[in-house]
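[1] Show me how the following folds:
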Amino acid sequence: MIDRPNGSFQGPAVVQPYAVDVAQAADPVARELDPRRLWKIVVRRRKLLFAIWAGFFVAVALFTLVQPRKYTTATKLIAGSAGTATVDNGGDASTSGTGLPILNALMAASGQQSPETYAELIQQSPVAAEVIQQLRLNTTVGGLLAHLSVRPVTDTAIISIAVTWGDPETAARIANAFAAVFVDHERQLVAHQADSAIAFLEKELPAAESRMRATQEAMAAYQTRTGIADLPTQTASDLASISMIETKEQQAELDARVAGAQLETVEQQLASTPQTVVGSESVASNPVSGQLASQIATLKVQLAAAKRQYTDDFPQVIQLKSQLAEAERELQSQPAQVNAGTSTIPNPLYQQLSAQAATLQTQIASADEQVNTLKAQRAAAQPRLDRLPVESRRISDLQREEKSAEGVYDALQRKYQDALISRTTALSDVAITQAASADVYNVAPNIAFNLALGFVVGLALAITAVFGAEFLDDRFRTEDDVRDRLGLPVLATIPLVDSLEWKENAWVKPLAVESFYQLVASLRYSSSNPPRTITFTSADQGDGKSTVAMNTAISMGQMKARVLIIDADLRRPTMHAKFNVSNESGLSDVLVGVTQLEDAIRPTEHSGVFLLSSGRPAPNPVGLLQSDGFDRLIKRARERFDFVVIDGPALRSIVDGVVLGIKAEGTVLVVSSASSEGRAVRGAIEKLRAVGGINFLGIVLNRTRPDRRETSDYYLGAGQSIPLPPESAV
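    So this is what the prediction gives:
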């Protein structure tokens, strides 16, 4: 009950004091990462969350279901040298698989190729064309290669050939065909070199055999004519030595001729082989970077070992540091990856043939040097033979020629057999380790995986969108938003609910009594000396300040207080329309002296509530509000009424609300939930803060949308006034 004139009353339970000076209001702060607050954000924006989540999941599901299924099978090859150590004639160890220099060079060169080289060779057009021909595929070379993926397994000599097709059987057949055709191509390359050696040896063998037989016949004829069957013991050693020299000389000459013939064949192949080929369309790691990285690691190990043994000025340490710096600069200058899809690369086959040609040239030069050395050795040994008797020397010559001819013939015969074996066994250094099977495949799209991924990614996108929208949303929705971002107290929260109607001695829908009673109680306990003259303002038009002011006055009137509402918004007055009264005379008329205050105040249909409307439009509203006449009007109103509620204009573009805040004993800022922008509200607070002497009471958060669990029979939206029940129900 109201105890006039001090305006005290008995209302709801006492609330916490909210006194605050606007000049001391805290600056906006970042929202705390409170799990409960985050959950509230998710619940509040659950429609957006579920829309994005479900939309993304459905899109992934539809995309997965409409995509044709593709099956991928893989064949695995291992690339490595096929040669084994053998013993060449004369007992010298050789690391080749044959006695032919050209085949040895080919195998050695092949063993040095990286898996990336073989991966490029597998994807060449001739290999794909032969696969199409063997399997009778209805596609082009480019179309087939688009279904092929060749990938060297990291840090191994294994190459994986994967083929993707519409059914696993065809995919397995194509993958196996690619592997078989490539192995056969490698075999044919080696076999072609063996054919060249066989052709040369087939021409040389008859002549060597004829020469061997001629020397045997000459030896027999001379022995018959002279009767000498053996050389003296003292000449046996010299004869054996010079005979060995001549044999090696002829052997070296033969090797030079064989290498020359093979070099001619290789040069012919080089002439018909392009130097570059088109690389693959996928991005691959730069093999040079890997080699440089390995070299840098080796140099670092060597440098560390040298530093433990020597000082930094030691020549070896300096040299290792220089080599390491040069390798690191070279590694930095190398790109991490190469785009094999749009650039040409050196033809691995051309490089391989070039390496073979260089090896053969080296062999020819070495054989020529050996021939010159053996000739010099033979010339040095010849004087010892000149001292032998003529017959003995002749027998020695014939025996030497016979042995030399036999050695040449035997060497040619062995080389011929080695070449035949090499061609027959096809010295391929690529072998199939695991054939593709139609029972082992990967299928795409993977429906279960895609749906699970769509579920997880959709949820992540939805949560990101929710918190992104929350971050970009500058509007106020809850009391926590106001307190955290503005650092100001919330006097009351007015929910937005449906209208109500009094029927059968009860309210059909929730009342706003509790919300506005809370606001009235908050105003009463906002300070030790509760304000009786209160200005309501807002940041923007349409935030509901007039409705809040009106319902606050009505709530005070229901508590048996006399309340005067002054419509001080002289630019956009609304109170006369809300109370359905005339606006022919009002505040402006009183301030200019046209009408007396008592004549301008009108009663309303609500008990204890009176209205002083804005009156006729004034040319200078702020001047009227700043005048002494307005101060006198407020003083007279306080003498006649318990409370004076002033409805002021919005603060965005005019200062009328600031002037009213100075005139009144307390100022309330109305913020519309989900409508008022944070920038506009902070601008309004800055205007109030810039002027001293304003008693800022706090914020009223209007038009909130409470959770259903929080909704009770005590809330009413501020979009309408409170209708009074019949007198018998009060």
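
[2] which stretches of the stretch 1-150 of the chain have low pLDDT?
    1-34, 80-113 (pLDDT under 70).

[3] hey, where'd the strands end up in it?
    2-3, 8-9, 70-79, 86-87, 93-94, 148-152 (DSSP state E, counting those that start in this stretch).

[4] Help me confirm that residue 617 is found in a helix?
    No: Residue 617: not assigned to a helix; according to DSSP: H, G, I helix; E, B strand; the rest coil it is coil.

[5] Which strands and helices lie in contact with the host helix or strand of residue 293?
    Using DSSP states H and E, residue 293 sits within helix 287-309. The elements that helix 287-309 packs onto, with contact taken as 3 or more C-beta pairs under 8 Å, 6 or more residues apart in numbering; DSSP states H and E, are helix 315-333. Placement of C-beta: from N, CA and C, glycine included.

[6] Now residue 219. Nearest residue, chain neighbours left out?
    Excluding its sequence neighbours, the residue lying closest to residue 219 (C-beta to C-beta, 6 or more residues apart in numbering) is residue 398, at 4.2 Å.

[7] Which per-residue confidence value corresponds to that neighbour?
    Note on residue 398: pLDDT of 75.

[8] ditto for the one 10 residues further on
    Here, the pLDDT recorded for residue 408 equals 82.

[9] What is the neighbour count of it?
    22 (other C-beta atoms under 10 Å).

[10] Output the below-cut-off pLDDT ranges for the stretch 501-650 of the chain.
    For the stretch 501-650 of the chain, the ranges with pLDDT under 70 are 501-513, 526-528.

[11] and residue 181, helix, strand or coil?
    Applying three-state DSSP: residue 181 is helix.

[12] surely residue 201 meets residue 419?
    Yes: under the criterion of C-beta atoms under 8 Å, residue 201 makes contact with residue 419 at 6.5 Å.

[13] ok, the two, which is more surrounded?
    When residue 201 is set against residue 419 and neighbours are counted by other C-beta under 10 Å, the residue ahead is residue 419, at 26 against 23.

[14] any idea how far residue 441 is from residue 327?
    43 Å (C-beta to C-beta, to the nearest Å).

[15] cool, and residue 466?
    Counting by C-beta to C-beta - residue 466 and residue 441 are separated by 40 Å.

[16] what's the answer for residue 590, then?
    Distance from residue 590 to residue 441, by C-beta to C-beta: 92 Å.

[17] more neighbours, those two?
    residue 590 (25 against 21).

[18] export the helix or strand containing the more buried one as PDB, just CAs?
    Secondary structure assignment for residue 590, by DSSP H and E: helix 587-591. C-alpha atoms of helix 587-591 as PDB (Å, rounded to 0.1, in the frame of the first residue of the first chain):
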ATOM      1  CA  LEU A 587       3.100  19.600 -22.100                       C
ATOM      2  CA  SER A 588       4.200  22.000 -24.800                       C
ATOM      3  CA  ASP A 589       1.100  24.200 -24.200                       C
ATOM      4  CA  VAL A 590       1.800  24.300 -20.500                       C
ATOM      5  CA  LEU A 591       5.500  25.200 -21.100                       C
END
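
[19] which residues are contacting that helix?
    566-568, 570, 595-597, 600, 612-618, 621, 624, 627, 629-630, 633 (C-beta atoms under 8 Å, 6 or more residues apart in numbering).

[20] Make a PyMOL selection of the buried ones in the residues you listed.
    Burial among the contacts of helix 587-591 is assessed by 16 or more other C-beta atoms under 10 Å; the matching PyMOL selection reads:
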select buried, resi 566+567+568+570+595+597+600+612+613+614+615+616+618+621+624+630+633
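
[21] Okay, and which of the contacts of helix 587-591 map to helices?
    597, 600, 621, 624, 629, 630, 633 (DSSP state H).

[22] what's near enough to touch the nearest residue to residue 457 once chain neighbours are set aside?
    With C-beta to C-beta, 6+ apart as the criterion, residue 457 has its nearest non-adjacent residue at 6.8 Å, and that residue is residue 56. Residues in contact with residue 56 (C-beta under 8 Å, 6+ apart) are 454, 457, 458, 461, 462.

[23] number of nearby residues for residue 141?
    Based on other C-beta under 10 Å, the number of other residues close to residue 141 is 15.

[24] What residues does it make contact with?
    Neighbours of residue 141 in contact, by C-beta under 8 Å, 6+ apart: 125, 128, 129, 132.

[25] Distance of it relative to residue 171?
    18 Å.

[26] what's the answer for residue 143, then?
    Distance from residue 143 to residue 171, counting by C-beta to C-beta: 14 Å.

[27] So which of these two has more stuff around it?
    Set residue 143 next to residue 171 and count neighbours by other C-beta under 10 Å: residue 171 wins out with 24 against 12.

[28] what's the closest non-adjacent residue to that one?
    That would be residue 165: by C-beta to C-beta, 6+ apart, it lies 3.8 Å from residue 171.

[29] Assumed residue 431 was part of a strand.
    Yes: under three-state DSSP, residue 431 sits within a strand.

[30] mind checking pLDDT for it?
    pLDDT at residue 431 comes out at 80.

[31] from now on call the first residue 51
    Okay, using 51 as the starting number, the last item reads as residue 481.

[32] For the closest residue to residue 200 other than its chain neighbours, give me its contacts.
    Excluding its sequence neighbours, the residue lying closest to residue 200 (C-beta to C-beta, 6+ apart) is residue 169, at 4.4 Å. Contacts for residue 169 were tallied using C-beta under 8 Å, 6+ apart; they are 200, 201, 202, 209, 330.

[33] Would you map out the domains in the chain?
    In the assignment given by automatic domain parsing, the structural domains of the chain cover 120-336+385-484, 337-384, 526-773.
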